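Asker: Here is a sequence with its predicted model. Questions after.
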Amino acid sequence: VAVSAVDVLTGKVPVQGNVVVIGGGSTGTETAMWAFEQPGVSSVTGIEQGPVFGNFESKGRGQGFRLWVRGNDAINKTPHPIKMFTDTTVEKIEAGKVTGHTVLRKRNRKTRKMEIVKDEMVEIPADVIVYAGGAKPNDASALYAAAYKYNIPCIAIGSAVIDRDAVAAIHEGNNLGRML
């Protein structure tokens with residue numbers, strides 16, 4: 001079963017067995033940690049094409065630190081820790097497994113050239129595959145135009161304004177709720 005992180009996090013699709021989360025940004029990290037806590041989940045594996053799982057440094061407002069603390073707590077628990085593959089691209093998705101290609105490069109201090117230090121294919125058992133890739137801002141221009149035409153107040157929040165973290169969207173939603 002392949003599903004989106006939104007469907008998993010909103011409860012539309014239950015997860016169980018071996019869960020593989022493709023995407024290691026904030027959404028992927030939250031999804032992996034949430035899946036880890038669900039009954040019936042035997043393992044959670046995250047796959048991120050970049051060098052860092054979590055993208056914590058760019059989110060601001062302390063969100064990254066909270067994710068990091070929760071992530072470390074989840075990762076260090078037993079019996080099924082969250083396994084993370086960074087520098088890994090998904091090569092193939094088949095029934096019951098995901099195949100990834102891990103290529104790790106490091107700079108040689110003497111030659112100053114990038115060298116491949118790890119190049120391997122990995123097969124990860126998967127009962128549920130969750131796509132938690134990047135989100136793009138919603139184009140709200142048509143909504144604004146229609147609202148303006150009929151003199152209806154319209155206020156955009158969250159990703160309707162700009163692609164960013166959930167903390168900002170929650171803050172904007174809270175402010176809007178107080179205005180009403």
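Answerer: Cool, the structure landed.
Asker: how much space between the most centrally placed residue in the chain and Met121?
Answerer: With distances taken as CA atoms, centre = their mean, the residue of the chain nearest its centroid is Gly28 (1.8 Å). According to CB to CB, to the nearest Å, Gly28 and Met121 sit 21 Å apart. Heads up, the C-betas are built off the backbone N, CA and C, glycines and all.
Asker: so what's Thr86 closest to, chain neighbours aside?
Answerer: Nearest residue to Thr86, sequence neighbours excluded (CB to CB, 6 or more residues apart in numbering): Glu48, at 4.9 Å.
Asker: Now the terminal residues of stretch 133-148, how far apart.
Answerer: Using CA to CA, to the nearest Å, one end of stretch 133-148 lies 33 Å from the other.
Asker: For this structure, which residues score under the pLDDT cut-off?
Answerer: The chain contains residues with pLDDT under 70 at 54-80, 134-139, 158-167.
Asker: ok, Val13 to Ala2 distance?
Answerer: Distance of Val13 to Ala2, given as CB to CB: 10 Å.
Asker: So Leu176 sits against Ile157, correct?
Answerer: Yes. Counting by CB atoms under 8 Å, Ile157 is a contact partner of Leu176 at 6.0 Å.
Asker: Counting neighbours, go ahead and name the busier of the two.
Answerer: Set Leu176 next to Ile157 and count neighbours by other CB atoms under 10 Å: Ile157 wins out with 16 against 12.
Asker: coming back round to it: which SS state does the residue nearest to the centre of the chain fall under?
Answerer: helix (DSSP: H, G, I helix; E, B strand; the rest coil).
Asker: Not counting its neighbours along the chain, what's nearest Glu120?
Answerer: Excluding its sequence neighbours, the residue lying closest to Glu120 (CB to CB, 6+ apart) is Thr102, at 5.4 Å.
Asker: helices or strands up against the strand or helix carrying that neighbour?
Answerer: Using DSSP states H and E, Thr102 maps to strand 97-107. Judged by 3 or more CB pairs under 8 Å, 6 or more residues apart in numbering; DSSP states H and E, strand 97-107 is in contact with strand 88-94, strand 114-125.
Asker: For that strand, output the C-alpha coordinates as PDB.
Answerer: Provided in PDB are the C-alpha atoms of strand 97-107 (Å, rounded to 0.1, in the frame of the first residue of the first chain):
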ATOM      1  CA  LYS A  97       9.600  -3.900  -0.500                       C
ATOM      2  CA  VAL A  98      11.400  -0.700  -1.400                       C
ATOM      3  CA  THR A  99      14.800  -0.700  -3.000                       C
ATOM      4  CA  GLY A 100      17.100   2.200  -2.300                       C
ATOM      5  CA  HIS A 101      20.500   3.300  -3.600                       C
ATOM      6  CA  THR A 102      22.800   4.800  -0.900                       C
ATOM      7  CA  VAL A 103      25.800   6.800  -2.200                       C
ATOM      8  CA  LEU A 104      27.800   8.600   0.500                       C
ATOM      9  CA  ARG A 105      30.400  11.100  -0.600                       C
ATOM     10  CA  LYS A 106      33.100  12.700   1.600                       C
ATOM     11  CA  ARG A 107      35.800  15.200   0.800                       C
END
